[in-house]
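In: sequence unknown, structure follows:
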């Protein structure tokens, strides 16, 4: 049996975190003594370990965090078989995200090393967006963020060539892999200077003087950590089920 301070120390969190986790349903309801003190058991300790392991990595936010939270909530309800099933699905999702991130880097490297030749075909913004299966507003946003410069006709209308289409394919792939706009812009700015660079390094290593470092700048490393954490959660749950 554990008091709040003791169990918090065992999982290296603040006692208030333990109370919040109980409130949020991440651990089972905790019985109290007549004087109101919480008394935790080994099952609460296990549930806290599952939660702390699942939420350990910074990448665990947004839709990824929702998947991790579902695992922890199932564990908090003592439905450990469901938690294990969700953890395995979570791991598969992370591995897919990781593969997508690596694919984005590979695509950029091919773009850098290739000798492109452009056709004379031109497109409107709406047509370009349709080709890429994105909205015209997304294309407009990329332009606002200086990810691309689109040539104009004499009448001022933007015209998209195959060159812009291919550049947008690169941007779309990197954004789909959750790279930040600043990371992509850094890469594109670098490619204007030299075609000989380590794309993975540029994407995942922010410039020395950048004021804002976003999580997606280190997506590869964060996903690797999240995958390892997911594997640990699975092992915890398998061991407990036995």
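Out: Right, received. Where do you want to start? Every value quoted in this text rests on a predicted model; they were computed, and no experiment measured them.

In: measure the residue of the chain most remote from its centre to residue 3 for me?
Out: Using CA atoms, centre = their mean, the residue of the chain lying farthest from its centre is residue 34. It sits 45.1 Å away. Residue 34 sits 15 Å away from residue 3 when distances are taken as CB to CB, to the nearest Å. All C-beta spots, glycine's among them, are computed from the backbone N, C-alpha and C.

In: ditto for residue 51
Out: Distance from residue 51 to residue 3, by CB to CB: 19 Å.

In: ok, these two, which is more surrounded?
Out: The neighbour count for residue 51 versus residue 3, taken as other CB atoms under 10 Å, is higher for residue 51 (26 against 14).

In: my guess is that one meets residue 22, correct?
Out: No: using CB atoms under 8 Å, residue 51 makes no contact with residue 22, being 10.8 Å away.

In: residues bridging contact with these two, i.e. touching both?
Out: Shared contacts of residue 51 and residue 22, defined by CB atoms under 8 Å, 6 or more residues apart in numbering, are absent.

In: Do a quick rundown of the helices in this structure.
Out: 4-10, 15-23, 42-54, 62-76, 80-113, 125-132, 136-144, 162-176, 181-193, 199-204, 219-241 (DSSP state H).

In: The last one - what's its average pLDDT?
Out: Right, helix 219-241. For helix 219-241, mean pLDDT is 89.

In: For it, which helices and strands make contact with it?
Out: In terms of contacts (3 or more CB pairs under 8 Å, 6 or more residues apart in numbering; DSSP states H and E), helix 219-241 is packed against helix 42-54, helix 62-76, helix 80-113, helix 199-204.

In: Tell me which of these sits most buried.
Out: Ranked by mean neighbour count, the helices and strands packed on helix 219-241 are led by helix 42-54 with a mean of 21 (mean count of other CB atoms under 10 Å).

In: Show residues contacting that one.
Out: Outside helix 42-54, the residues within contact range by CB under 8 Å, 6+ apart are 2, 7, 10-13, 18, 21, 26-28, 30, 60, 68-69, 71-72, 75-76, 78, 83, 87, 229-230, 232-233, 236-237, 240.

In: Centre of the chain to it, how far?
Out: Helix 42-54 sits 23 Å away from the centroid of its parent chain (CA atoms, centre = their mean, to the nearest Å).

In: just for this protein, where's the confidence low?
Out: Scanning the chain for pLDDT under 70 picks out 58-62, 107, 111-118, 176-178, 191-200, 202-218, 242.

In: try 80
Out: For the chain, the stretches with pLDDT under 80 are 58-63, 100-120, 154, 156, 173-179, 187-220, 241-242.

In: Name all residues that make contact with residue 146.
Out: Counting by CB under 8 Å, 6+ apart, residue 146 has contacts residue 185.

In: what about residue 65, distance to residue 55?
Out: 8 Å.

In: Alright, calling it a day.
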